[in-house]
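**Q** Kindly generate the corresponding structure for this input.
(chains A, B, C and D)
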There are 2 protein chains.
Amino acid sequence: MERSPTLSLRERQKEGRRARIIAAAKSLFVEAGLDNITIEAIAEIAGVSSVTVHNYYGTKSGVLLALVAESDRELLETLDKELTNQPDDLVDLLLRFFTIICDHTLTHLDKSVWRQVISASVDGREPRFNKLYRELDHKLASVLIREIEQLRAVGQLADSVNSTHLGWALFNLQNARFVEFIASDNKTRDQALHDLRNDLLALFTLVIPTC
Amino acid sequence: MERSPTLSLRERQKEGRRARIIAAAKSLFVEAGLDNITIEAIAEIAGVSSVTVHNYYGTKSGVLLALVAESDRELLETLDKELTNQPDDLVDLLLRFFTIICDHTLTHLDKSVWRQVISASVDGREPRFNKLYRELDHKLASVLIREIEQLRAVGQLADSVNSTHLGWALFNLQNARFVEFIASDNKTRDQALHDLRNDLLALFTLVIPTC
DNA sequence: CAAATTTTTTTAGTCCACTAAAAATTTTAC
DNA sequence: GTAAAATTTTTAGTGGACTAAAAAAATTTG
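**A** Reported below is the predicted structural model:
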């Protein structure tokens, strides 16, 4: 799967340390909130010094970033697998899209950690975070746009619609509900799904005056 | 305006300290990012000890929270004043709503500080922040819903639309673009406005298959 | 005005992220 | 197998948020 056939001993060891660090971080992040965990603790479990963690990932957020990058890759794979089958209608498409994303996130880390991720993606202290998130959003929106174009090809949508703009609009709508889902411990996925459905129905039953 | 006619000397002094602290914080936040500023510096300008700042506002985010609360009050006033006049169409309504919000935020604090605000509203370290933001969102959405109901009353919208759901959907859509606007230093208000218009047009030119 | 009460400040300290540089260790290259 | 290079660890330190408690100052109350 990896492209490099021969890694020097040094490189392999580095890879191992990297892996141990993010594995340690993941296990700790899951059982306690981000700021109840010290770099020291991560380093100890990973069997390296805390300075090494800093050298590898820069900041504590940097460690989290690596975790998220991994999760993102998987999410895109999952979306590709589970979304391309049936070309049903637009509402169903978006609801399935939303469901996959919600379910995926919670299998990796819990809400409290994702809150920190979303928070870090916007606060700008760690520019890489912002970048990663913009890229992920772009990829996710692209998936949606692609599916919308398929719906149009099948005749489910008028040719007059702008798939790109519609895709971004729907992505943003869905993302708002996702953030709301993550931001509140009480909100279940099904509640969020319900809210999103209401959003879509309200928009789609809009009758244009000139019609 | 305030309900208490007679404040004891102690209460007045507290009020004064409070005011001095947030004034000091505001001036500092504007000229440097949130984490380049120390509580110590705020305290010094305000003429109190750093411990007093902690006692009053708990955390540095707490100070920021107080600033934002003030700004929120004004925003709601401005919206009430500038929105209730002409009942034009839905797109114009939302674009004006968006414009007012964007312009308002930048008159108070700059983007880098608002990033921290949005970030703090979701990260959950300071539950008050989350609460304040939910409340603000609720009030803003209510304004939108009220205006949508007016449009319906004038006949601009079909009676079949659910104003509440539509209001929330449009609020979320608009808010996504607002966050994007804040998150990027390069993005101008007009660009964001343009993107939002595209979102709306894409959604509204959707032709429902059964029509 | 004196005693009681409230509030702020001073003092002292903890914790942890993050950094720089010296020392130790390990891998590589010949 | 030894010298050179790379990398980690140890050590030591800074900065700043936040806290607890004692000391000082101010306000209120009779």
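**Q** Quickly note the distance from the residue most central in space within chain A to residue A:25.
**A** Ranked by distance to the mean C-alpha position of chain A (CA atoms, centre = their mean), the top residue is residue A:72 at 5.3 Å. Distance, residue A:72 to residue A:25, using CB to CB, to the nearest Å: 16 Å. (C-beta placed from N, C-alpha, C; glycine too.)
**Q** average pLDDT for the longest helix along chain A?
**A** Ordering each helix of chain A by length in residues (DSSP state H) puts helix A:127-153 first. Averaged over helix A:127-153, pLDDT sits at 94.
**Q** Distance of the residue nearest to the centre of chain A relative to DNA strand C?
**A** Using CB to the nearest atom of the strand, to the nearest Å, residue A:72 is found at 22 Å from DNA strand C.
**Q** Give me the nearest residue to that residue, chain neighbours excluded.
**A** residue A:136 (5.1 Å; CB to CB, 6 or more residues apart in numbering or on different chains).
**Q** The one you found contacts residue A:73, doesn't it?
**A** No. At 9.8 Å, residue A:136 and residue A:73 do not qualify as touching, with contact defined as CB atoms under 8 Å.
**Q** what about the two, which has more around it?
**A** The residue with more neighbours, out of residue A:136 and residue A:73, is residue A:136; 18 against 11, by other CB atoms under 10 Å in any protein chain shown.
**Q** Can you check the distance spanned by stretch A:181-192, start to finish?
**A** Separation of the first and last residues of stretch A:181-192 by CA to CA, to the nearest Å is 6 Å.
**Q** can you list contacts of that stretch?
**A** Applying CB atoms under 8 Å, 6 or more residues apart in numbering or on different chains, the external contacts of stretch A:181-192 come out as A:98-99, A:102-103, A:105-106, A:111-112, A:114-115, A:118, A:177-178, A:180, B:122, B:124, B:130.
**Q** Next SSE downstream of the helix or strand hosting residue A:16?
**A** Taking DSSP states H and E as the criterion, residue A:16 maps to helix A:9-31. Later in the chain than helix A:9-31, the nearest helix or strand by DSSP H and E is helix A:39-46.
**Q** And DNA strand D, is that following helix touching that?
**A** No. Helix A:39-46 lies out of reach of DNA strand D by CB under 7 Å from any atom of the strand, never closer than 7.5 Å.
**Q** buried ones in that helix?
**A** A:39, A:42, A:43, A:46 (16 or more other CB atoms under 10 Å in any protein chain shown).
**Q** can you check stretch A:27-42 too?
**A** Neighbour count says stretch A:27-42 has A:28, A:29, A:33, A:34, A:37, A:39, A:42 buried, by 16+ other CB under 10 Å.
**Q** can you list the domain ranges for chain A.
**A** A:1-58, A:60-204 (automatic domain parsing).
**Q** distance between the last one and the chain's centre?
**A** It refers to domain A:60-204. Taking CA atoms, centre = their mean, to the nearest Å, one finds the center of domain A:60-204 at 7 Å from the center of the full chain.
**Q** before we move on, what about the shortest one?
**A** A distance of 21 Å separates the C-alpha centroid of domain A:1-58 from that of its chain, computed with CA atoms, centre = their mean.
**Q** so does that domain get close to DNA strand C?
**A** Yes. Domain A:1-58 lies within reach of DNA strand C by CB under 7 Å from any atom of the strand, at A:8-11, A:13, A:35, A:37-40, A:50-51, A:54, A:58.
**Q** In helices only, show me the contacts of stretch A:181-192.
**A** Per DSSP H, the contacts of stretch A:181-192 map to helices at A:98-99, A:102-103, A:105-106, A:111-112, A:114-115, A:118, A:177-178, A:180, B:122, B:130.
**Q** Can you name the two of those residues that sit furthest apart?
**A** Greatest spatial distance in those: A:99 and B:130, 24.6 Å, computed using CB to CB.
**Q** before we move on, the earlier item: between the buried residues of helix A:39-46, which is closest to chain B?
**A** Within the buried residues of helix A:39-46, the smallest distance to chain B is 17.8 Å, found for residue A:39 (CB to the nearest CB).
**Q** Need the three-state assignment for residue A:158.
**A** Secondary structure, DSSP: H, G, I helix; E, B strand; the rest coil: residue A:158 is coil.
**Q** Pull the number of nearby residues for it.
**A** Applying other CB under 10 Å, I find that residue A:158 has 13 neighbouring residues.
**Q** quick revisit: nearest to residue A:160, of the buried residues of helix A:39-46?
**A** After measuring those against residue A:160 - CB to CB - the closest member comes out as residue A:42, at 53.6 Å.
**Q** what sits against the closest one?
**A** By CB under 8 Å, 6+ apart, the neighbours of residue A:42 are A:21, A:24, A:25, A:28, A:50, A:53, A:63.
**Q** what does stretch A:81-95 rub up against?
**A** A:96-97, A:100, A:143-144, A:147-148, A:150-151, A:154, A:156-157, A:170, A:173-174, A:193, A:196-197, A:200-201, A:204, B:206, B:209.
**Q** so which of the residues you listed also contact DNA strand C?
**A** Answer for those near DNA strand C: none qualify (CB under 7 Å from any atom of the strand).
**Q** Which of the residues you listed are buried? Put it as a PyMOL command.
**A** In PyMOL, a selection of the buried entries from these looks like this (16+ other CB under 10 Å):
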select buried, (chain A and resi 96+97+100+143+144+147+148+150+151+157+170+173+174+193+196+197+200+201) or (chain B and resi 206)
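**Q** Kind regards, and thank you for your time.
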